[in-house]
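Student: The following comprises the amino acid sequence and a computationally predicted model.
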Amino acid sequence: MENVLGCCLCLSNILNFNMSLYLILNIMSFLIPFLYSFESRMKYIKRWKSVFSSILITAVFFIIWDIFFTKIGVWSFNPRYHSGIEFFGLPIEEWLFFICIPYASLFIHFAFHYFYPKVSLSDKTVKVIYWLLVIILLPTIIFHYDRWYTALNYSLLVLVLTYTVFKVPNILNTFFITFLIILIPFALVNGILTGSFIDEPVVIYNNAENLGIRLGTIPIEDIGYAFSMLLMSLVLIKKIENN
């Protein structure tokens, strides 16, 4: 992995182009799913209107959240690994993150659903998983209400989960499965962003605002963050395609 990142950084230097590590991660995450969007069987390109519309709507919400959290010091961005081009205190790479990563993740979800349409959880199993998560998350929110990332992140997760379970339940029958698959590339990309394989993290978290529990270098709250972001997009896609 270090060799691959080193080659990418060397290439950007050879081309005399200020391609930051964060930008490289965005491009690498987006490129393969984008190219496979034209695959003749799945024809993911036909969903572009609903997919990009939902991603953009979701991105607006999370970018506002991101700007606020950056402003109050919940996290910050290491200038060593981004281009230095910023809007409202966020590097341009962070803006692109909310397009590239959801696109790649949603592609995995729909690809799995297309090639394995019969693999899904029962409604009963979905409800059991939902209630188990609620039982874990609510006390966490209550006992750690003073930690911004933990409290707001898990509050949003409970709200999005509850809405989906009772209003658009069929999504979770597959998404609970596909999210486990999505976690594999997510762990790689987010691991690098939080300091795995490199000298310093790209995104620097203030541990006073989270539980301080890490999966490798990844704050455990990031799992819920990713789940909420993708689930919001899937709900919006369903709404858009049904209209």
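Tutor: Looks like it came in fine. Since we're looking at a predicted model, the values are computed, not measured.

Student: Pull the contacting residues for Gly216.
Tutor: Gly216 makes contact with Ala187, Gly191, Thr194, Ser196, according to CB atoms under 8 Å, 6 or more residues apart in numbering. Bear in mind the C-beta positions are built from the backbone N, C-alpha and C, glycine included.

Student: try Glu241
Tutor: Contacts of Glu241 by CB under 8 Å, 6+ apart are Arg47, Ser50.

Student: Need the distance between the two termini of stretch 66-84.
Tutor: When the termini of stretch 66-84 are compared using CA to CA, to the nearest Å, they are 17 Å apart.

Student: picking that back up, need the contacts of Gly216 in TSV (columns: pLDDT and neighbour count).
Tutor: Compiled in TSV, the contacts of Gly216 are given as follows (pLDDT from 0 to 100; neighbours: other CB atoms under 10 Å):
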residue	pLDDT	neighbour count
Ala187	93	17
Gly191	95	19
Thr194	96	21
Ser196	93	16
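
Student: Could you identify the most distant pair in those?
Tutor: Spanning the widest gap among the contacts of Gly216 are Ala187 and Thr194, at 10.1 Å by CB to CB.

Student: who touches both of these two?
Tutor: Joint contacts of Ala187 and Thr194 (CB under 8 Å, 6+ apart) are Gly216, Ile218.

Student: Just the contacts of Gly216: which are in helices?
Tutor: Counting by DSSP state H, the part of the contacts of Gly216 found in helices is Ala187, Gly191.

Student: Can you tell me the element the nearest residue in space to Gly89 that is not next to it in sequence falls in?
Tutor: Of all residues not flanking Gly89 in the chain, Thr70 sits nearest, at 5.1 Å (CB to CB, 6 or more residues apart in numbering). Using DSSP states H and E, Thr70 maps to helix 48-71.

Student: and if you look at Leu132?
Tutor: Going by DSSP H and E, Leu132 is in helix 123-143.

Student: Return the list of helices and strands in contact with the next helix or strand after that helix.
Tutor: Downstream of helix 123-143, the next assigned helix or strand under DSSP H and E is helix 148-167. Judged by 3 or more CB pairs under 8 Å, 6 or more residues apart in numbering; DSSP states H and E, the packing partners of helix 148-167 are helix 48-71, helix 123-143, helix 170-193, helix 221-242.

Student: Right, I'll leave it there.
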